[in-house]
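>>> Next one to model:
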Amino acid sequence: MSKQPLIDFFQKNSDMSLQTIINLTNHFEDRRFLKNEFFLREGKVSDLLYLAEGLMRAYTFDLKGDEVTTNFFTKGRQVFDHASFFLQTPSEENIQAVTDCVGYSITFEKMNTAFHSIPEFREYGRRMLVKELVSYKKRTLAVINKSAEQRYEDLIKDDKEIFQSAQLKHIASYLGVTNSSLSRIRRDFSRR
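So this is what the prediction gives:
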């Protein structure tokens, strides 16, 4: 499988030279996932995956044993459980393919080797972590200070492709609403 999508991603999102990027991508392995296949299971330690095609979702279980979707990963995103990957501890989440997916993965050890040997990659990693931290902060605040309708509208604006492949019950749990509330919100939006 060609690593061109991974090369294109790093060219778009970093200041690394093409040769540095090509050397870096040699640390990544090709990965394919069929729909419903797991990239990560709760209790295992996370690798990092660049998603070139497809949709994945992260989820955990609430105190009643119900699934709660905590994140969606669309094409062009990095997929991993941050705490599990960086602390090398068992994950508390599952990450599963919603559609057939193609990507490139790297282990923590290989990532650390690249961080220590490629200064430009270290800077890219710092920026990526800041971006992810800001994204998590915005999502946390949105649950507190935005209505379900506003969160729905933001999701449509930011990640419209999720609605093409994800089950509505997964979208509802991600937005923090019931299935019937999501149906009502969708109905109201379609009337606008």
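>>> residues in contact with residue 22?
Residues in contact with residue 22 (CB atoms under 8 Å, 6 or more residues apart in numbering) are residue 7. No exception for glycine: its C-beta is placed from N, CA and C like everyone else's.
>>> if I look at it, how far off is residue 183?
Using CB to CB, to the nearest Å, residue 22 is found at 48 Å from residue 183.
>>> Likewise for residue 46?
34 Å.
>>> cool, residue 28 as well?
For residue 28, the distance to residue 183 - CB to CB - is 41 Å.
>>> more neighbours, those two?
Neighbours were counted for residue 28 and for residue 183 using other CB atoms under 10 Å; residue 28 has more, 20 against 13.
>>> correct me, but that one touches residue 5?
No. Between residue 28 and residue 5 there is no contact under CB atoms under 8 Å: 10.9 Å.
>>> For these two, list the residues in contact with both.
Common neighbours of residue 28 and residue 5 (CB under 8 Å, 6+ apart) are 50, 104.
>>> And for residue 59, the neighbour number?
With other CB under 10 Å as criterion, residue 59 counts 19.
>>> any low-confidence regions in this structure?
Within the chain, no stretch has pLDDT under 70.
>>> ok, now which ones touch the residue nearest in space to the middle of it?
Centroid-nearest residue in the chain, with CA atoms, centre = their mean: residue 73, separated by 3.2 Å. Contacts for residue 73 (CB under 8 Å, 6+ apart) come out as 51, 55, 56, 57, 58, 79, 95.
>>> Just the buried subset of those residues, please.
Among these, those classed as buried by 16 or more other CB atoms under 10 Å are 51, 55, 56, 57, 58, 79, 95.
>>> Would you confirm that the fifth one contacts residue 69?
Right, residue 58. Yes. Contact criterion CB under 8 Å: residue 58 and residue 69 qualify, at 7.1 Å.
>>> No more questions from me, cheers.
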